[in-house]
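Chemist: sequence first, predicted model second:
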Amino acid sequence: MRSRTIGVSVLTTTALFGLTTACAPVGGSKAADIGRAARAAASASAGAPPAPAAKGKGTGMLADLSGAEILSQSHEAMRKVESTRVVAKMHEEGSPLEFDLTLDKKGSCKGAVRYDGMGKVDLIKSAELIHFKGDADYWRATAAKEHAPKRQADAMVTMLADRWLKMPVSDAKASAMRHMCDLDKLTDGRGRPNPLARKGETVTIDGKQAMAVITAAKNGTETDYIATQGTPYVLKSTVSGDETGEVLFSAFGAPVDTALPEGADVLDLSKLGDGGPAETV
């Protein structure tokens, strides 16, 4: 005899909504828009971005350009990126949120999202399928949002924790996640750089020299660190002031591996039926 249960499809919808609401990128001007996303989502928090590893005067091909000109070149470079890794630290409704995603213009992405007090979700998206895997803390928090009794929450964790769930990209429940893996929305610039943008110091980020370019932001400043050698990619974008956020960009042009780990335990959500769960926990 079945006990009163929560449908897998309902729980999965809740989980997907929480995942994509927290870290879906918003449109804007180049990589600094992740900073804007962080600023928009962040609650006021203390602290400033970590100090750069090295400092010096402006060098390289950007030395003779204005801040606005540097940003213009970086906008164009980021718009043409075919793939990149994005590592972000920000706040969502006052709570720390971190994600580490590698994504490309084909819509593929792979990585993980970590929530303060809500565990971790691993994500793999290819052109046809989305796989995601939440740990025990994540599924227990999802059950709590649905006000599930402890017995149901325990059963849910037992059945779903650290298990890959699969659904087709065409599934309506996956629509928000498709946008989260949209590299064009992350890097395609809109509008012209702020003419008041000001050059800062040259610093070292992940072994590469980068020119800091500072612009005004609501209740603070945004700083983009642009590579001074080779293509002028944004290597780092931060927001400081009343609200904070930090994003690192790397692995430009690297392919996105969307293969599941060998021997992965996968639950196919498309086989659970529509209009109600055909299988429950």
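Modeler: Structure received. Residues are numbered from 1 along each chain as shown.
Chemist: how about Lys173, phi and psi?
Modeler: Phi and psi for Lys173, reported as degrees, to the nearest 10, are phi -70, psi -20.
Chemist: measure it to Trp164 for me?
Modeler: To Trp164, Lys173 is 16 Å away according to CB to CB, to the nearest Å. For the C-beta atoms, the positions are set from N, CA and C on the backbone; glycine is no exception.
Chemist: again, but for Pro96
Modeler: Taken as CB to CB, the span from Pro96 to Trp164 is 25 Å.
Chemist: between the two, which has more neighbouring residues?
Modeler: Trp164 (18 against 14; other CB atoms under 10 Å).
Chemist: look up how far Leu129 lies from the more buried one.
Modeler: Taking CB to CB, one finds Trp164 at 10 Å from Leu129.
Chemist: can you check Gly111 too?
Modeler: Applying CB to CB to Gly111 and Leu129 gives a distance of 16 Å.
Chemist: what is the neighbour count of Gly67?
Modeler: 23.
Chemist: what score does Ala31 have for pLDDT?
Modeler: Model confidence at Ala31, expressed as pLDDT, equals 38.
Chemist: show me where the stretch 101-250 of the chain has helices.
Modeler: Applying DSSP state H, counting those that start in this stretch to the stretch 101-250 of the chain gives helices spanning 136-145, 150-160, 175-180, 183-187.
Chemist: any stretches of this structure with poor pLDDT?
Modeler: Along the chain, segments meeting pLDDT under 70 span 1-60, 92-93, 176, 188-192, 273-281.
Chemist: can you give me the strands in it?
Modeler: For the chain, applying DSSP state E gives strands covering 55-56, 83-92, 95-104, 109-115, 119-125, 129-134, 164-168, 198-205, 208-217, 220-227, 234-241, 245-250, 266-268.
Chemist: got the angle between the fifth one and strand 109-115?
Modeler: Yep, that's strand 119-125 we're talking about. Counting by axes from the mean of the first three to the mean of the last three CA atoms, to 10 degrees, strand 119-125 lies at 160 degrees to strand 109-115.
Chemist: buried stuff in strand 119-125?
Modeler: By 16 or more other CB atoms under 10 Å, the buried positions in strand 119-125 come out as 119-125.
Chemist: out of the helices of the stretch 101-250 of the chain, flag the one nearest Ser250.
Modeler: Across the helices of the stretch 101-250 of the chain, Ser250 has its closest neighbour in helix 183-187 (13.5 Å, CB to CB).
Chemist: tell me what that closest one is packed against?
Modeler: In terms of contacts (3 or more CB pairs under 8 Å, 6 or more residues apart in numbering; DSSP states H and E), helix 183-187 is packed against strand 83-92, strand 95-104.
Chemist: mind listing the residues bridging to the nearest residue to Gly134 once chain neighbours are set aside?
Modeler: Distances taken as CB to CB, 6 or more residues apart in numbering place Val121 nearest to Gly134, at 4.8 Å, with adjacent residues excluded. Note on Val121: beta-bridge partners by DSSP bridges are Val113, Gly134.
Chemist: surely Val121 meets Trp139?
Modeler: No: the criterion here is CB atoms under 8 Å, and Val121 misses it with Trp139 at 9.6 Å.
Chemist: returning to what we had before: and Val157, which of the strands of the chain is closest to it?
Modeler: strand 129-134 (9.4 Å).
Chemist: name the residues that touch the closest one?
Modeler: 15-16, 19, 119-125, 142, 160-169, 171, 174, 177-178, 260, 266 (CB atoms under 8 Å, 6 or more residues apart in numbering).
Chemist: just the buried ones among the residues you listed, please.
Modeler: Buried among the contacts of strand 129-134 (16+ other CB under 10 Å): 15-16, 19, 119-125, 142, 160-161, 164-167, 169, 171, 174, 177-178, 260.
Chemist: could I get the strands of the chain as JSON lines with distance to Glu146?
Modeler: JSON lines is the format used below for the strands of the chain (distance: least, CB to CB, whole Å):
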{"stretch": "strand 55-56", "distance to Glu146": "50"}
{"stretch": "strand 83-92", "distance to Glu146": "19"}
{"stretch": "strand 95-104", "distance to Glu146": "19"}
{"stretch": "strand 109-115", "distance to Glu146": "16"}
{"stretch": "strand 119-125", "distance to Glu146": "16"}
{"stretch": "strand 129-134", "distance to Glu146": "14"}
{"stretch": "strand 164-168", "distance to Glu146": "16"}
{"stretch": "strand 198-205", "distance to Glu146": "42"}
{"stretch": "strand 208-217", "distance to Glu146": "37"}
{"stretch": "strand 220-227", "distance to Glu146": "37"}
{"stretch": "strand 234-241", "distance to Glu146": "33"}
{"stretch": "strand 245-250", "distance to Glu146": "30"}
{"stretch": "strand 266-268", "distance to Glu146": "18"}
